[in-house]
Structure formats: C-alpha cells, structure tokens
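**Student:** Mind folding the following:
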Amino acid sequence: MSRYETLKYEEFGPVARVTLHRPDVHNAFDVQMMREVYACWRELRDNDDIRVIVLTGTGDKAFSTGLDRVAAAVGEDDRIPDIGRRGGTPMHQNEPGDWLMPKSSGKLWKPIIAAVNGMACGGAFYMLGEVEFIIAAEHATFFDPHTTYGMATVYESMMMAQRMPLGEIMRLSLMGSYERMSAQRAHQIGLVQEVVPAEELQETALRVAQTMASQPPLALQATVRSIWYTREMGYRQAMAAGDAMVQLAIDEDELSEGQRVFKSGKRIDWRLR
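**Tutor:** Coordinates of the predicted model:
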C-alpha cells in the first residue's frame, strides 16, 4: 500500500489508519485520491490481518473539504472519463461517491472509525455517511457549501440524513457556506459520538479501534452488517436477514475462545463514556 500518493497508510497491529493526504487543498479529493480510496477499501476488505480502520485527514485544519473544484476545473477528471459524466440519458450518472463510499463501493464491512480533525464538508460526507461512528476534535466543524455555489446537495445530504434529525440536515444543507455545525452541536444530535481535545484525537481513535480489534473479527463484521441492514431495510426485512446473519456469524473457534474468556472469570477493565 506504499504506492499511495494521496493517502497515508499505517498499521498498528490489527488496526489500519488511513489518512487523507492533500493538505495544500484541505484534503479535498481529486481523481487520483478517489481511485486510491477505492483501491484502499478493497484491499482492506481482503486483508485478514486488519480488523478495524481509523479514517482521518492530515493536519488540524480539515478532515476533507470534498471535491477539489480547482482540479476538476482544469480537467484532471479527464483521466477517468466516467467520473462526473453520464451516458446518453440522465439516467446514467456517475458520482465521486461511486469510488469513495466504504460500504456501497468498497463492500467493506469491517468497523471504520472517523477521526474528524477539522473541517468536514460537502463530498466528505460520502465517506462519513458510511463509517460506523465519528470521534471529533473540539474545533471540528461540519457544513455543506453546495447551495451557496448554485448546486443542489443531493447524495451527500441523503446519506447524512440517515445520521441526523430532519431539521438538522435541512439546516446544514440549506445554509450552505453561511453556517457551520460545531463538534459540540454534532455531538448533541448524535452525529458525533465523542468530542476530544485536538491533541488527543488520534490517540483516542486508535485506543477505541484497538479495543474493538481485540475481539473476534467475524463477530465484529457480522454485527456491522446486521446494524446496517436496519438502515437499509424495513424492520421485518432486516429481522429476516438477521436470521441468516446469526448463522453466518457462527465460528466454532471464536465461540470457544469467547467461552474460555467467560469461564476464566477475568475481570474486563471497562471504561465509562
């Protein structure tokens, strides 16, 4: 994975940290980053040594500010003809999300923690919309500038509407660049699960990731997939899918290890959040 130019990739035992790395443009994505993010999701999916992923951005100014509009304006997207293009009718539209979304595109069902280290806006929501949960630095902000520049926010707002109350996503989307949601407000409405000082962000995210990664991988992944089913289906359909997930998640070695831990009587040092 060292071939990446727009991402930093690190491994901490069973945890991988993927860092969006275009600091000169606030980690905005161009076509190269889109290709590399997609490749990274697929490689992480197939890497059995990695159980949990932390996704963050370089520096302390931005997680990502979405599409690099300057790069798009000068034609960098011509390197992949179908990005931002459509076929003979409007029914065949291609979007950056086709490359960036870890679940829909990458088919990656390992837990992903987003460590939001600054501004997160616009196209960043393609990624944040499909992580398991978000830890944010105190100075992090969330906004969507589409409407300010004459564009509807569609896919991004649809994805974030699954994580936010209706009034909140409406206000965030319709205020454009004129208002930003603080990390504290994001925490109040449930978009963010923890807010920490900036200097503690990476340590906190890695600690949580390492704790999750200490547990059996099949149990983690089946749990992730089952909970996402409840977002994608009606209640009855999700419960029916759950019948299959219970069977798929049975691994005799993992169950035996779990039983051994239970019978050992060893106290688990839990942390109150």
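**Student:** domains of this protein?
**Tutor:** For the chain, automatic domain parsing gives the domain ranges 7-213, 217-264.
**Student:** Quick one: mean pLDDT for the last one?
**Tutor:** It refers to domain 217-264. Mean pLDDT, domain 217-264: 82.
**Student:** State the helix or strand in which the residue nearest to Val196 when sequence neighbours are not counted lies.
**Tutor:** Sequence neighbours aside, Thr204 is the residue nearest to Val196 in space, at 5.0 Å (criterion: CB to CB, 6 or more residues apart in numbering). Heads up, the C-betas are built off the backbone N, CA and C, glycines and all. For Thr204, the element it lies in under DSSP states H and E is helix 201-213.
**Student:** For the residue nearest to Glu130 when sequence neighbours are not counted, report the pLDDT, please.
**Tutor:** Among residues not flanking Glu130 along the chain, Lys103 sits closest, at 4.4 Å (CB to CB, 6+ apart). Per-residue pLDDT puts Lys103 at 94.
**Student:** in this protein, which residue is closest to the centre?
**Tutor:** Val131 (3.2 Å; CA atoms, centre = their mean).
**Student:** That one touches Ala115, doesn't it?
**Tutor:** No. Using CB atoms under 8 Å, Val131 is not in contact with Ala115; the gap is 9.8 Å.
**Student:** what touches both of these two?
**Tutor:** Contact criterion CB atoms under 8 Å, 6 or more residues apart in numbering; residues shared by Val131 and Ala115: Leu55.
**Student:** sorry, back to before: pick the most deeply packed of the domains of the chain.
**Tutor:** Counting by mean count of other CB atoms under 10 Å, domain 7-213 has the highest mean neighbour count of these, with a mean of 19.
**Student:** chain center to that domain: distance?
**Tutor:** Mean-position distance between domain 7-213 and its chain equals 6 Å (CA atoms, centre = their mean, to the nearest Å).
**Student:** Now do it: distance from first to last residue.
**Tutor:** End-to-end span of domain 7-213 (CA to CA, to the nearest Å): 22 Å.
**Student:** Next up, phi/psi of Gly57, please.
**Tutor:** For Gly57, the backbone dihedrals (degrees, to the nearest 10) come out as phi -130, psi 160.
**Student:** do the same with Glu11
**Tutor:** Dihedral angles (degrees, to the nearest 10) for Glu11: phi -120, psi 140.
**Student:** Excluding chain neighbours, what is closest to it?
**Tutor:** Closest to Glu11 by CB to CB, 6+ apart is Ile50, at 7.0 Å.
**Student:** My guess is that neighbour contacts Lys110. True?
**Tutor:** Yes. If you go by CB under 8 Å, Ile50 and Lys110 touch, sitting 6.9 Å apart.
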